[in-house]
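> heads up, no residue letters with this:
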C-alpha cells in the first residue's frame, strides 16, 4: 500500500478517522489474512504503532525525495518477501476483502479497470518487474499509465468482482474532503 502527499485533501488523509479507526486501517484490516502487508510511506513513524495491532504489517520508509507512486511501487517490490506483489492505494477505505483476494490470484502484471477507467494503483506485479520499474525511474518517468503500458499489464475488469461488492465501492479513492465525507456515508 502506498500513500502520496495528500495535496488535494489538505492533510495526511491516511491518518483521518474513518468509521471508528484511521482511514488506512480500513484497508489494512481487509488484508489481515495476507501473510505480509507493507505500508510504504515517507513518514514511517506516523504508522509504526499499527504493527502492534496488525502483526502482518511492516511499515517501510520510502526514501525517494520525489513524491511518485512509481517510487512506492519500486520500494514495495524491493521490500516484498513474496514473488507476487499486490499494490493497493492506501486511500481506498471501502475496499472489500473478497475483491482483494480474488484480484490477487490474477496473472501478473494486472491492473483493475472499471467502465473504461484504469485504477492504476490497484495492480498485481511480480518481484521480477523491479528491473523494468527501476529502468523506468532512471529515465525520469513517473506516469502510472506509461508503466502499465511498458509492463503490458493485463486489464482486469471490476465486473469480475461485482458479486463480492455489488455497489462497486472497492476501487473508490478518497482524494478530496468531499470524497471522504461521501465515503463515510456509503
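That came through, no problem. On a predicted model such as this, the values are computed, not experimentally measured, just so you know. Numbers count the residues shown, from 1 in each chain.
> contacts for stretch 90-106?
With contacts defined as CB atoms under 8 Å, 6 or more residues apart in numbering, stretch 90-106 is touched by 1-3, 13-14, 18-19, 23-24, 26-27, 30-31, 33-34, 39, 84, 86, 88, 110, 112, 122, 124, 154, 156, 160-161, 164-165, 169-175, 183, 186. Where C-beta positions appear, they are placed from N, C-alpha and C, glycine not excepted.
> swap in stretch 133-140?
Contacts with stretch 133-140, where a contact means CB under 8 Å, 6+ apart, come from 68, 70-71, 73-74, 77, 146-147, 150.
> How about it, which residues are buried there?
133, 136-137 (16 or more other CB atoms under 10 Å).
> do you know how far the residue of the chain positioned farthest from its centre is from residue 125?
The centre of the chain is farthest from one residue, residue 139, which by CA atoms, centre = their mean lies 23.4 Å away. Separation of residue 139 from residue 125 (CB to CB, to the nearest Å) stands at 18 Å.
> host element of residue 173?
Per DSSP states H and E: residue 173 is located in neither a helix nor a strand.
> Tell me who's in contact with it.
Contact partners of residue 173, counting by CB under 8 Å, 6+ apart, are 89, 91-92, 119, 179.
> Just the ones of those in helices?
Using DSSP state H, residue 179 are the members of these that sit in helices.
> End to end on stretch 119-137, go ahead and measure it.
Taking CA to CA, to the nearest Å, stretch 119-137 runs 20 Å from one end to the other.
> Ok, stretch 7-24 next?
One end of stretch 7-24 to the other measures 17 Å (CA to CA).
> how about that stretch: buried residues?
In stretch 7-24, counting by 16+ other CB under 10 Å, buried: 9, 12-16, 18, 22-24.
> cool, and stretch 71-81?
71-77, 79-80.
> need the contact list for residue 73.
Per CB under 8 Å, 6+ apart, neighbours of residue 73: 2, 87, 123, 125, 133, 147.
> Of the residues you listed, which is the most crowded?
For the contacts of residue 73, neighbours were counted using other CB atoms under 10 Å, and residue 123 has the most, 28 neighbours in all.
> I figured it hits residue 109, correct?
Yes: counting by CB atoms under 8 Å, residue 109 is a contact partner of residue 123 at 6.9 Å.
> Identify the contacts common to these two.
Taking CB under 8 Å, 6+ apart as the contact rule, residue 123 and residue 109 both touch 148, 153.
> burial of the residue nearest to residue 155 when sequence neighbours are not counted, as a residue count?
Spatial nearest neighbour of residue 155, excluding adjacent residues (CB to CB, 6 or more residues apart in numbering): residue 113 at 4.5 Å. Using other CB under 10 Å, residue 113 is surrounded by 19 other residues.
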